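*Asks:* next comes the sequence, and after it the predicted model I'd like to discuss.
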Amino acid sequence: MKRFLIGLVALLSPLRVAAQNPDLALTPEQRDSVLKQYHQIFPIWGRKAIERGYDVQTPLGFNIGWFAAEQDIIISDLGLGFNSPAEPVSFITLDKAQSKLTNWNVRTDLWLFPFLNVYLMAGTGNGETKVHITEPVQFTTTAEFKGNNLGVGLTGVYGFNRYFVVADFNHQWAFSSLLEAAVPVNVFSARLGQAFRIGQRSKRMKGTAWLGTMYQNMQNGTVGSINLATVLPPGSEGLFDNYQNSAWYQDLSAREKALVDNFVARIQGGLDTTTVNYSLNKKMADPWNMLVGGTFDVGPHWGIRAELGFLKRKSILVMGNYRIKL
């Protein structure tokens with residue numbers, strides 16, 4: 001389902017800040033030493049930045065990260081079909097659904113300029129979504145899924161004194177075992193943080209800490225299919241005992257009664273051979289959340305990053321990266 005990539009998208013660029021920071025600025029001696037050995041193509045204008053005392057990032061990065069998230073989604077305009085095309089089922093009322101996922105993600109990024117990073121990413125993982133049905137009968141169904149994602153993005157950084165501002169945007173395509181087609185996902189985030197030196201200057205260890213916010217947006221329409229036996233809880237057949245005499249059934253149209261009769265018949269004997277084709281619209285209950293995180297760089301090549309998302313959407317990210325000159 002589309003929710004598979006809610007938040008996979010949190011694996012953003014590495015935030016090695018080229019800020020105008022007195023604590024991180026090169027001394028005249030360090031600047032001259034770096035310039036003697038500087039022959040890099042990227043970042044563009046890197047030499048000019050070093051001449052001004054900036055500690056320019058090692059440009060090319062290879063990253064691997066683990067991500068987990070949990071959040072609510074809102075489902076509407078549900079359509080269902082049992083071994084047949086989906087039809088509208090307006091008589092079914094859904095409460096909020098809860099989505100959980102985990103993902104392993106790899107990414108390569110490049111500091112094109114000292115203030116602009118571009119990156120490509122790919123990931124794989126699995127998750128589950130619990131959907132609470134309140135009418136015409138109450139029960140909870142759980143759908144498990146596997147998925148992959150591909151994405152591109154860019155990050156802009158602006159530094160002032162010991163602080164920095166980061167704006168990041170990425171676009172991803174989510175592929176799921178439950179979906180007929182990839183789902184586009186857009187993510188924007190902004191962070192305000194501080195960069196600082198750790199330990200002796202000669203060891204070139206640095207850290208950052210930040211507070212930020214993230215907005216996620218995805219295509220609403222979803223079409224897919226799933227085996228009926230995998231989503232119904234045990235004892236579901238008992239929910240429809242004597243259902244044809246219930247008030248809600250009597251209020252249905254002939255088409256809707258036929259759909260319910262088909263569904264109940266399959267619960268009572270055809271689960272393993274029944275494919276549920278569905279269509280629906282969904283959106284995140286809370287597209288915005290807050291972020292807190294930081295990085296620790298061990299010299300110019302190795303670094304780690306961690307970030308927590310909180311408020312309505314909860315997430316955790318841990319990432320390691322290795323950088324080389326280019």
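*Replies:* Perfect, I can see it now.
*Asks:* scan the chain for its longest helix.
*Replies:* What stands out as the longest helix in the chain, according to DSSP state H, is helix 254-267.
*Asks:* what's the angle from the helix or strand that comes right after that helix to helix 254-267?
*Replies:* With elements assigned by DSSP states H and E, the helix or strand that comes after helix 254-267 is strand 275-284. Angle of strand 275-284 versus helix 254-267, following axes from the mean of the first three to the mean of the last three C-alpha atoms, to 10 degrees, is 110 degrees.
*Asks:* buried stuff in the longest helix of the chain?
*Replies:* Across helix 254-267, burial judged by 16 or more other C-beta atoms under 10 Å covers 256, 259-260, 262-264, 266-267. For every residue, glycine as well, the C-beta is placed using N, CA and C.
*Asks:* now stretch 204-217
*Replies:* Buried residues in stretch 204-217 (16+ other C-beta under 10 Å): 204-206, 208, 210, 212, 214, 216.
*Asks:* closest to Gly309 out of those?
*Replies:* Of all the buried residues of stretch 204-217, Gly309 sits closest to Met214, with 6.8 Å by C-beta to C-beta.
*Asks:* quick one: the strands in the protein?
*Replies:* Per DSSP state E, the chain carries strands over the ranges 60-82, 87-88, 93-94, 97-113, 116-135, 139-160, 163-176, 183-198, 205-218, 221-227, 275-284, 288-298, 302-310, 314-324.
*Asks:* just put those strands in CSV and tack on distance to Arg52 and mean pLDDT.
*Replies:* Formatted as CSV, these follow (distance: least, C-beta to C-beta, whole Å; pLDDT from 0 to 100):
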stretch, distance to Arg52, mean pLDDT
strand 60-82, 22, 94
strand 87-88, 63, 92
strand 93-94, 57, 92
strand 97-113, 14, 95
strand 116-135, 17, 94
strand 139-160, 12, 92
strand 163-176, 16, 93
strand 183-198, 16, 92
strand 205-218, 18, 93
strand 221-227, 50, 88
strand 275-284, 43, 90
strand 288-298, 21, 96
strand 302-310, 23, 97
strand 314-324, 21, 96
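*Asks:* which one of the ones you listed lies nearest to Trp45?
*Replies:* strand 97-113 (5.9 Å).
*Asks:* relative to strand 275-284, how tilted is the closest one?
*Replies:* Using the same axes, to 10 degrees: strand 97-113 against strand 275-284 is 60 degrees.
*Asks:* adjacent strands (with direction) for strand 97-113?
*Replies:* strand 60-82 (antiparallel), strand 116-135 (antiparallel) (DSSP bridges).
*Asks:* turn the ones you listed into CSV, including mean neighbour count and distance to Gly309.
*Replies:* Formatted as CSV, the strands paired with strand 97-113 follow (neighbours: other C-beta atoms under 10 Å; distance: least, C-beta to C-beta, whole Å):
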stretch, mean neighbour count, distance to Gly309
strand 60-82, 18, 7
strand 116-135, 18, 16
